[in-house]
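>>> quick one, what's the 3D model for this:
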Amino acid sequence: MMMQQNEITESLLDAIRGFPAMRDFEHCGTPQKISSFAIYARCSRCGMEVKTRSFSGVLEIEDVFDAVFEWMTNPANRSVADERIQAIRTENEQ
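Take a look at the predicted model:
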């Protein structure tokens, strides 16, 4: 089933809400943590730079966040986003 451009699924919203700030990766047999948005990470054991996100034809949830972050880089959009963030904080405090 193809989604319309403005159609969002509940599973996407759930995935965004539950998205972790950090994720695990392993290199040189050493478990490590990095930002979930990191494209590359440096192995703490050998110092090698390791690619941690794919750039294939398959979209990942990180791509959704990247699109939002890109949108927020526009100063006019950022002020709107800041207002919404504050409204969400207020709602969550109640």
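>>> the nearest residue to residue 20 once chain neighbours are set aside: what's it in contact with?
Among residues not flanking residue 20 along the chain, residue 36 sits closest, at 5.6 Å (Cβ to Cβ, 6 or more residues apart in numbering). Just so you know, the C-beta spots here come from the backbone N, C-alpha and C atoms, and that holds for glycine as well. By Cβ atoms under 8 Å, 6 or more residues apart in numbering, residue 36 lies in contact with 19-23, 62.
>>> what helices or strands is the helix or strand hosting residue 50 leaning on?
Using DSSP states H and E, residue 50 sits in strand 49-51. Helices and strands touching strand 49-51, as assessed by 3 or more Cβ pairs under 8 Å, 6 or more residues apart in numbering; DSSP states H and E, comprise strand 40-42.
>>> give the partner strands of the strand it packs on in its sheet and their orientations.
Paired neighbours of strand 40-42 in the sheet (DSSP bridges): strand 49-51 (antiparallel).
>>> would you quantify the distance from the residue nearest to residue 20 to residue 30?
Note on residue 36: its distance to residue 30, by Cβ to Cβ, to the nearest Å, is 19 Å.
>>> any idea where the helices of this protein begin and end?
For the chain, helices defined by DSSP state H occupy the ranges 10-17, 61-72, 75-93.
>>> residues in contact with the strand holding residue 50?
The contact list for strand 49-51 (Cβ under 8 Å, 6+ apart) reads 25, 27, 39-43.
>>> any weak-confidence spans in this protein?
Low-confidence segments of the chain (pLDDT under 70): 1-5, 55-56.
>>> leaving out chain neighbours, which residue sits closest to residue 22?
Residue 22 sits nearest to residue 33 (Cβ to Cβ, 6+ apart), 4.7 Å away.
>>> does that neighbour touch residue 26 like I think?
No. In this structure residue 33 lies outside contact range of residue 26 using Cβ atoms under 8 Å: 10.5 Å.
>>> of those two, which one has the most company?
residue 33 (13 against 10; other Cβ atoms under 10 Å).
>>> next up, the contacts around that one.
Taking Cβ under 8 Å, 6+ apart as the test, what residue 33 contacts is 22-25.
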